[in-house]
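A.B. asks: only the shape, not the letters, is given here:
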């Protein structure tokens, strides 16, 4: 079998006496949607930041598409095809939705040491951006200032920006966080359309979303992955039920 | 170049260093805990120097004059905080920089109006103006020694208060979590005002100590303020330890550089070139050091945790 | 609509500036040509600062340094008998860019208060360097031996010709900066200012772009310095006083950060204010100081925010 798209081995990260990541092994296959769940304080954010390149692990390696990227920082990983959405909405509030996505396109279009042409008039940036916006359902809101979008629309914009970079891997950090049930459903439907076409790591608390989207689930507790498997396997796993799902799942 | 000269310059460096420390401690406390950049810190130093000199003239006693200057500067600091600075806590650093810059202009002119632009001259009292004899022909001015000792004493006192007392704990807690401290029932406003006043008193102390040996004139605060910035960048912001280490390093490098760089250069290059380059290089030495620290360790030597 | 209003305002400002010399001549008040020329020179400096401040989010308290480098470049070359304006001004711009590169390289990795303190410290460093250079007058400075020569094309000794040259340069600089901030490069630094974490996540490394903006800004300010010393005909290390950095910063803020017209409006306001106040009393700073404080506290959007077409970004 071909090497997994993303391979993390032995990730360790400590903050003082706290072992936030304790020897984590994790892999993502091409085209799969692999969810990471766990109680608050389990170290999900620390784990995600090491994958995205925002935090350097104390030990362990991360291989992406056959290349060792452990020492690469976030911008370098992004340029290799990592895309992420943030748990707390992180967009360019003073720019329009279209500007936001166009910037994501621009970031992947080589260097930006171009000083003369107006970026907003470059079709090579605007057209793909508009296409992605339409794909996530924000086409009609392209000209709206990001700060004026509804919360759910801003989360959609986050995903749009991630997609606009033409990624090989999507790191989605709680994409439906703070959304009402209608909005969540729409987002989940959209994400399910992405399944298979994209390789997705999904960090989520919303169990409905997780169980309907994930091909595999890894459970993170106190910095260690205590179980990895299909949704059915995880549901049935006694350790997991004890540690996390408890009475929530019948 | 003899041993006595070297010893003398080392002590001078220490003396400048502790004064820089006093200034840096006040500035870094205010910034670290209240997140306030106060460019007018130098103005408080200037106020301290002017008040100490004036009180000395009025009372005839140097010690009394200097002692009176401390609470007086503290009061000035409190007034400034209440009138002008309260609204700045919520603002971003640029706004704070600009507003306190405006305060500098105000204070410099106020001092010039009250005391004139020429500056004040102070003589040390007889009993302080002698030198201490260390034997072997080496003697050093008593007053400067006292400054060093006083500075070290304040450093120890500060360390003790911040690290070991409940007030210190509040102060450190306030630095990392304002809401929590407020929720505990502590009056944040009062705490901030007192803290700022304390920082002002430290600056005033430095100014009072400086009055007899440095030029007391409008604008004296800004000259030392920039050096204090260098101290903070080198030592690390938000930490008393950093302020002390940075202060001593900057004081030593600046003093020794000015004294020995020219003769040292003269051994390497021609005396005439050294004559021109020496003083120029000595005057920018601490900035080059700052650039070096920035390149190698941007967070400073002893940054406070969490910064 | 908004940008049409803005363009109208800019054209109106340009028209007014163009009309100053003939109007001044009519009123026998040639002093105004001098004043407005000074305003425009500082306007150029303010525009350069606004590039990195308003669009890049970098608060530099050190732009006086580049004014100084530009001024010293011209004067030092003139001192050694080189009066060719093109050469002098190229050295002024180039030298400033080099200095900006050096300072920026170590400073830009920091941000916020550190960046402010560091840029301030480096400016003061240059000031002390200037004072210690006795051969060029030390802290007294020296007369500019001769104004920059342009082979008879333009005579800088003619107040009006010099005025129109400065006006042209100002217009060119404003246009240049406007193009810059709308280009991919400009979008990259504006994105970094808006949300650095997001920029890194999509693949921008902010550092090279910020550094480039810093260098360009320094170069433009160096040109302002070359113009300034030609205007005053006297070189002084005071050009590099950190208080001057503060003045330029205030011009940008007063006029409106991140706007096209702002920096020039701010330069005009501050310099005219200083001029008027110093006519009233020699202690004018005691009035200006609190005024500036009040401006910061209550007038954050700046003057350009009040005009129709307001924020030009």
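C.D. replies: That came through, no problem. Remember, it's a predicted structure, so these values are computed and weren't measured experimentally. Numbering: from 1, shown residues only, chains lettered A, B, ... in the order given.

A.B. asks: hey, let's count contacts and neighbours off CA atoms from now on
C.D. replies: Will do.

A.B. asks: show me where chain A has strands.
C.D. replies: Taking DSSP state E, the strands of chain A run over residues A:6-15, A:18-28, A:33-37, A:59-64, A:67-68, A:82-85, A:169-173, A:200-203, A:216-221, A:224-229.

A.B. asks: the stretch 151-300 of chain C too?
C.D. replies: Secondary structure of the stretch 151-300 of chain C (DSSP state E, counting those that start in this stretch): strands located at C:234-235.

A.B. asks: residue numbers of it in contact with chain A?
C.D. replies: Within reach of chain A by CA under 8 Å from any CA of the partner chain, the stretch 151-300 of chain C has these residues: C:179-180, C:182-188, C:191, C:194-195, C:197-205, C:209.

A.B. asks: show me the contact partners of stretch B:245-257.
C.D. replies: Contact with stretch B:245-257 is made by B:9-10, B:12-21, B:24, B:227-228, B:230-232, B:234-236, B:282-283, B:285-286, B:301, as judged by CA atoms under 8 Å, 6 or more residues apart in numbering or on different chains.

A.B. asks: residues in chain A within reach of chain B, list them.
C.D. replies: Close to chain B, as judged by CA under 8 Å from any CA, chain A has no residues.

A.B. asks: shaky segments in chain A?
C.D. replies: By pLDDT under 70, the low-scoring segments of chain A are A:1-2, A:244-250.

A.B. asks: got a list of what the residue in the stretch 1-150 of chain C positioned nearest to chain A touches?
C.D. replies: In the stretch 1-150 of chain C, the residue that lies nearest chain A is residue C:55 (11.8 Å; CA to the nearest CA). By CA under 8 Å, 6+ apart, residue C:55 lies in contact with C:181, C:186, C:189-190, C:193, C:258.

A.B. asks: just residue C:78 next, same as before
C.D. replies: Residue C:78 makes contacts with C:144-146, C:148, as judged by CA under 8 Å, 6+ apart.

A.B. asks: ok, then the element right after the helix or strand where it lies?
C.D. replies: Assigned by DSSP states H and E, residue C:78 falls within helix C:64-79. For helix C:64-79, the following helix or strand on the C-terminal side (DSSP H and E) is helix C:85-107.

A.B. asks: mind listing what's buried along that following helix?
C.D. replies: By 16 or more other CA atoms under 10 Å in any protein chain shown, the buried positions in helix C:85-107 come out as C:85, C:87-97, C:99-101, C:103-107.

A.B. asks: restrict the residues you listed to those near chain A?
C.D. replies: The subset of the buried residues of helix C:85-107 within reach of chain A, by CA under 8 Å from any CA, is empty.

A.B. asks: how about whichever residue of chain A sits closest to chain C, nearest residue that isn't a chain neighbour?
C.D. replies: The nearest approach of chain A to chain C comes at residue A:75, 4.0 Å away (CA to the nearest CA). Distance criterion CA to CA, 6 or more residues apart in numbering or on different chains; nearest residue to residue A:75, sequence neighbours excluded, is residue C:203 at 4.0 Å.

A.B. asks: settle this for me: the one you found is touching residue A:105, isn't it.
C.D. replies: No: with contacts counted by CA atoms under 8 Å, residue C:203 stays clear of residue A:105, the gap being 9.8 Å.

A.B. asks: now do stretch B:231-239: everything it contacts.
C.D. replies: Here stretch B:231-239 makes contact (CA under 8 Å, 6+ apart) with B:20-21, B:24-25, B:28-29, B:31-33, B:241-247, B:250, B:290, B:293-294, B:299-304, B:307, C:114, C:117-118.

A.B. asks: quick one: it to chain centroid distance?
C.D. replies: In terms of CA atoms, centre = their mean, to the nearest Å, the centre of stretch B:231-239 is set 12 Å apart from its chain centre.

A.B. asks: can you give me the helices for chain A?
C.D. replies: Using DSSP state H, the helices found in chain A span residues A:44-52, A:74-79, A:97-108, A:123-136, A:151-164, A:181-194, A:207-213, A:231-236, A:238-240.

A.B. asks: can you put those in CSV and add distance to residue B:210?
C.D. replies: CSV is the format used below for these (distance: least, CA to CA, whole Å):
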stretch, distance to residue B:210
helix A:44-52, 50
helix A:74-79, 50
helix A:97-108, 55
helix A:123-136, 62
helix A:151-164, 57
helix A:181-194, 66
helix A:207-213, 67
helix A:231-236, 72
helix A:238-240, 68
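
A.B. asks: so which of these gets nearest residue B:128?
C.D. replies: Across those, the minimum distance to residue B:128, taken as CA to CA, is reached by helix A:44-52, at 60.3 Å.

A.B. asks: for the closest one, packing partners?
C.D. replies: Where contact means 3 or more CA pairs under 8 Å, 6 or more residues apart in numbering or on different chains; DSSP states H and E, helix A:44-52 is packed against strand A:18-28, strand A:169-173.

A.B. asks: buried stuff in the first one?
C.D. replies: Spelled out, it's strand A:18-28. Neighbour-count burial for strand A:18-28 flags A:20-28 (criterion: 16+ other CA under 10 Å).

A.B. asks: of those residues, closest to residue B:117?
C.D. replies: Of all the buried residues of strand A:18-28, residue A:20 has the smallest distance to residue B:117: 60.8 Å, by CA to CA.

A.B. asks: so who does that closest one touch?
C.D. replies: Contact analysis of residue A:20 by CA under 8 Å, 6+ apart lists A:12-14, A:42-43, A:46, A:222-223.

A.B. asks: if you set the cut-off to 6 Å instead, what comes out?
C.D. replies: A:13-14, A:43, A:223 (CA atoms under 6 Å, 6 or more residues apart in numbering or on different chains).

A.B. asks: and for residue C:116?
C.D. replies: So residue C:116 contacts C:59-61 (CA under 6 Å, 6+ apart).

A.B. asks: which residue does the stretch 201-313 of chain C bring closest to chain A?
C.D. replies: Residue nearest to chain A within the stretch 201-313 of chain C: residue C:203 (4.0 Å; CA to the nearest CA).
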